[in-house]
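A.B. asks: Whatever this is, show me its structure:
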Amino acid sequence: MLRLVSWFLAVFVLLHLLRLVPAVGRLFDVPFLGFFLAAAILSFLVARGGEAMARRASAARVRRELGSVDTPHQRGKLGSHLLSIGAAREAEGHLAAAAEGDAERLEWSYKLGCARLQLGRAREAIAPLSRVVARDEEHAFGAAVLRLAQAALASGDLELARRELERFEKNHGPTPESAWWKSRLAKARGDRGAARAACHEVLSLQARATKFQKKSGRPWAAKAWFARFS
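C.D. replies: A predicted model of the protein is given here:
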């Protein structure tokens, strides 16, 4: 009972604060609608907060379990876990040590490149991703090639980006993600017509995708939908 009362109090406090927000505040003055919107927002915030706490607890547990032994393999596993929960900055150091100490395992170099991409260090991501692609262009079901194309594009190496996108589509055919990066490549070259055409290709591929494929294509389709107007 106390928890339910606390919940309603929290909703009313949030509702009061939302009414003070310029432009959208009037929406929360509408009877019932304002209350339900505030309750939905609070539920979302509580859920996200719970997820964040769970991720922190999971990271702390993995640090205790894997951080006690300083080997490339253990650091690679720790770095991989940290990357999976969004802690790319902390993960990068562990993955760099793992990639150097256990060079035969491509997973560490691949994830090191992914971590550096997330940190906005695309130029530094090219070397580890290139090592992976040179040895196994199908690593991570071809995702290593796409990440290399992404890193090259972000670094301004448009020719490398073009080659890697062509390599991916030769092996796997076009996908919403590969078409999205083609649109960014065309935009970087100043070809707005080709960029829009590639965005339409993203949407066409997403429309024809199987139910299983649609989930992975949604973020790229959403980006392409808005990019058509820019």
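
A.B. asks: Show the subsequent helix or strand relative to the helix or strand encompassing residue 49.
C.D. replies: Using DSSP states H and E, residue 49 sits in helix 33-66. Sequence order places helix 72-84 as the next helix or strand after helix 33-66, per DSSP H and E.

A.B. asks: how about that next one: buried residues?
C.D. replies: Buried positions in helix 72-84, judged by neighbour count with 16 or more other CB atoms under 10 Å: 72, 74, 75, 76, 77, 78, 79, 80, 81, 82, 83. For the C-beta atoms, the positions are set from N, CA and C on the backbone; glycine is no exception.

A.B. asks: can you check stretch 35-45 too?
C.D. replies: Within stretch 35-45, the residues scored as buried using 16+ other CB under 10 Å are 35, 37, 38, 39, 42.

A.B. asks: And the fourth one, how far from residue 117?
C.D. replies: Distance of residue 39 to residue 117, given as CB to CB, to the nearest Å: 38 Å.

A.B. asks: ok so, going back, tabulate the buried residues of stretch 35-45 (TSV), appending pLDDT and distance to residue 215.
C.D. replies: Formatted as TSV, those follow (pLDDT from 0 to 100; distance: CB to CB, whole Å):
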residue	pLDDT	distance to residue 215
35	77	33
37	79	27
38	74	30
39	79	28
42	71	27
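
A.B. asks: shouldn't residue 158 be in contact with residue 186?
C.D. replies: No: look at residue 158 against residue 186 with CB atoms under 8 Å: they stay out of range, at 9.9 Å.

A.B. asks: domains in this structure, as residue ranges please.
C.D. replies: Domain ranges of the chain: 111-117+126-172, 174-230, per automatic domain parsing.

A.B. asks: Which of the ones you listed comes out lowest on mean pLDDT?
C.D. replies: Note on those: domain 174-230 shows the lowest mean pLDDT, a mean of 93.

A.B. asks: so how far is stretch 212-227 off the chain centroid?
C.D. replies: Offset of stretch 212-227 from its chain centre (CA atoms, centre = their mean, to the nearest Å): 13 Å.

A.B. asks: Name the residues of it that are buried.
C.D. replies: 217, 220, 221, 223, 224, 227.

A.B. asks: Which members of the residues you listed are positioned in strands?
C.D. replies: Applying DSSP state E to the buried residues of stretch 212-227, no entry is found in strands.

A.B. asks: Need those in JSON lines (columns: distance to residue 175).
C.D. replies: Output for these, formatted as JSON lines (distance: CB to CB, whole Å):
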{"residue": "217", "distance to residue 175": "7"}
{"residue": "220", "distance to residue 175": "8"}
{"residue": "221", "distance to residue 175": "11"}
{"residue": "223", "distance to residue 175": "14"}
{"residue": "224", "distance to residue 175": "12"}
{"residue": "227", "distance to residue 175": "17"}
